[in-house]
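In: return atomic coordinates for the entry below.
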Amino acid sequence: MAIYGGYRFPIVVPGVETAASLNAPAALGFLAGNRGKAQIFAKPSRPVWHQSDYARQTAAVRAASGITMAVAPNPTEKMMFQLTLRRRGVSDQAVLRTMEEVPREAFVAPADRDDAYRDSALGIACGQTISQPFVVAYMTEQLQLQKQHRVLEIGTGSGYQAAILSRLCRHVLTIERYRTLADSARARLEKLGYDNIEVLLGDGFDVPAGGGDFDRIIVTAAMERIPEKLLERLRPGGVLIAPVGPHHGVQTLVRIIRTEAGFERKELVDVRFVPALPGIAREL
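Out: Purely as a prediction, here's the structure:
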């Protein structure tokens, strides 16, 4: 039994649950990534992975972003937000703490702030989305970040994933193909004080050589294959996570580790993401 804000709740121990044990495929549905809809499609042979003083630690960023206490999440919302992540299998304490501390409501549209901590994706500008909290936490956990790491993110969106990453590593370079999103995310992150993030308008398939190499790379849209040029940007021991597969079908969330002998690939769960597109958007 755990006690949060005077309420008692049973502790749920995260575990591994097979797809066959779920009542319906719809139980696995979620919106993922900064690029739009995605859904987990479990295979029977694969497992599906189903607090810091928040007010004190986030008061400064709320004030900086102009968010009033009237729209700040209430304790019950924050409690359920954390419990949902734990129940679905997120167990890394640093990731859970960061998910609680970063004010998600600062990264959603004003009309959606009441729903900021609901476990679903929400629409943002340019027809894109801010990822579902579970997806953000799961992909972040799979990166196994350390404080000294330098991270590349392809697909900035509203900047929420970059903000989460920035609290767990040394530096984040995030690339966005939509100018509107890149400019707004840059301004938002600067205003909130996330000063170890660089937002770049650019092509995620052609990362500038001057950007250097990275300890971790995260991609938030479906690639039919991971470009060799992107793999080459991983430092030895580096980790890349991305959805890989056909643009109009089911993809697999893949985790790749660069070793002395080459690249080790592990398939995590099946997903459906919208396509990762090359180039900079001509409009928006």
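In: pLDDT weak spots in the stretch 151-284 of the chain?
Out: The model of the stretch 151-284 of the chain has no residue with pLDDT under 70.
In: which residues of it fall in helices?
Out: Assigned by DSSP state H, counting those that start in this stretch, the stretch 151-284 of the chain shows helices spanning 160-166, 179-192, 228-231.
In: can you tell me which of those is most buried?
Out: helix 160-166 (a mean of 26; mean count of other CB atoms under 10 Å). For every residue, glycine as well, the C-beta is placed using N, CA and C.
In: so which of the helices of the stretch 151-284 of the chain is nearest Asp203?
Out: helix 228-231 (11.0 Å; CB to CB).
In: list of residues touching that closest one?
Out: Contacts with helix 228-231, where a contact means CB atoms under 8 Å, 6 or more residues apart in numbering, come from 205-207, 217, 240, 256, 258, 263.
In: and those, which is closest to Ala106?
Out: Taking CB to CB as the measure, Ala106 lies nearest Ile217 of the contacts of helix 228-231, at 25.2 Å.
In: burial count for the closest one?
Out: Neighbour count of Ile217, defined by other CB atoms under 10 Å: 26.
In: quickly note the distance from it to His149.
Out: Applying CB to CB, to the nearest Å, the value for Ile217 to His149 is 11 Å.
In: hang on, the earlier thing: nearest to Val269, out of the helices of the stretch 151-284 of the chain?
Out: Once the helices of the stretch 151-284 of the chain are compared by CB to CB, helix 160-166 is nearest, at 17.8 Å.
In: so where's the stretch 1-150 of the chain uncertain?
Out: Ranges of the stretch 1-150 of the chain meeting pLDDT under 70: 1-74.
In: on that earlier part again, export the helices of the stretch 151-284 of the chain to CSV and tack on distance to Asp115?
Out: Formatted as CSV, those follow (distance: least, CB to CB, whole Å):
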stretch, distance to Asp115
helix 160-166, 14
helix 179-192, 18
helix 228-231, 34
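In: go through these and name the closest to Ala221.
Out: Across the helices of the stretch 151-284 of the chain (criterion: CB to CB), the nearest stretch is helix 160-166, sitting at 12.0 Å.
In: picking that back up, just put the contacts of helix 228-231 in CSV and tack on distance to Val108.
Out: Formatted as CSV, the contacts of helix 228-231 follow (distance: CB to CB, whole Å):
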residue, distance to Val108
Phe205, 28
Asp206, 30
Val207, 28
Ile217, 25
Leu240, 27
Ile256, 31
Arg258, 35
Phe263, 36
